[in-house]
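Visitor: need a structure here:
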Amino acid sequence: MIHLTARLLPDTQTEQLLTETLAEFTRCCRWAHERAPVHALDMHMIRRLLYNELRHQTELGGMLCNLVFSVVAGYRRAVSDLGTVQGDISPHKLIYYSNSLTIKGQQVSLLLLGGRVTIPFDMPKPEDYRTLKAADMRRADLTKAKEGWSLDLQLAPREIFYSPEAITFAAV
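Guide: Residues are numbered from 1 along each chain as shown. Coordinates of the predicted model:
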């Protein structure tokens, strides 16, 4: 697994939208955790029970609602497996993006409260851009720190497989 960090360079309006989205995401995680039955450890069960209600109560889109349910399910599984977990359910400084973001060039398109927003980003080393292009995204965490907003990316090396059928078909 390859780990990279990209520093986001949002303008003031986008930064405000990022902050509002994080606050709403945190509120929804708490709400879903309180509302879901205690025995609900599976994301799909929690989603079935609470999805419509959450969509009507919040401005979060469907993908962000699903991220809320995955956070709640992960927290519940951790508590179930470990017995106790330090901290509470709310991520405070973190939104877990999986496949709901797009990277093109030196810009990332994120799903926020107002819809999709394109934000420029910067990486510390030039070779990180080549690594990003040559790998498949597994997970991306949007993080707020004192220095600003960043994306912590987890990538898997891209593997190319050639099947004999594809080669034969291409030769015909």
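Visitor: show residues contacting the longest helix along the chain.
Guide: As assigned by DSSP state H, the longest helix anywhere in the chain is helix 12-35. For helix 12-35, contacts defined as CB atoms under 8 Å, 6 or more residues apart in numbering pick out 8, 10, 46, 49-50, 53-54, 57-60, 64-65, 67-69, 71-72, 75-76, 88-93, 95, 112-114, 117, 119, 142, 144, 149. Heads up, the C-betas are built off the backbone N, CA and C, glycines and all.
Visitor: among the residues you listed, which are located in helices?
Guide: Here DSSP H is the test, and the contacts of helix 12-35 give 46, 49-50, 53-54, 57, 64-65, 67-69, 71-72, 75-76 as lying in helices.
Visitor: among those residues, who's most crowded?
Guide: Most neighbours among the ones in helices among the contacts of helix 12-35, by other CB atoms under 10 Å: V68, with 30 neighbours.
Visitor: excluding chain neighbours, what is closest to that one?
Guide: Nearest non-adjacent residue to V68, counting by CB to CB, 6 or more residues apart in numbering: C28, 4.7 Å away.
Visitor: what about A78, neighbour count?
Guide: Neighbours of A78 using other CB under 10 Å come to 13.
Visitor: hang on, it in a helix?
Guide: Yes: applying DSSP: H, G, I helix; E, B strand; the rest coil, one finds A78 inside a helix.
Visitor: L153: what's it in contact with?
Guide: The contact partners of L153, by CB under 8 Å, 6+ apart, come to 3-6, 132, 137, 139-140.
Visitor: so whichever strand or helix holds it versus helix 12-35, what angle?
Guide: With secondary structure defined by DSSP states H and E, L153 is part of strand 148-157. Relative orientation of strand 148-157 versus helix 12-35 (axes from the mean of the first three to the mean of the last three CA atoms, to 10 degrees): 70 degrees.
Visitor: what mean pLDDT does strand 148-157 get?
Guide: Taken as a whole, strand 148-157 carries a mean pLDDT of 87.
Visitor: pairing partners for it, with directions?
Guide: Taking DSSP bridges as the criterion, strand 148-157 sits next to strand 2-8 (antiparallel), strand 135-145 (antiparallel) in its sheet.
Visitor: next, the buried residues of that strand.
Guide: Residues of strand 148-157 classed as buried: 149-151, 153, 155 (neighbour count, 16 or more other CB atoms under 10 Å).
Visitor: domain ranges for the protein?
Guide: Domain assignment for the chain by automatic domain parsing gives 2-10+93-157, 17-82.
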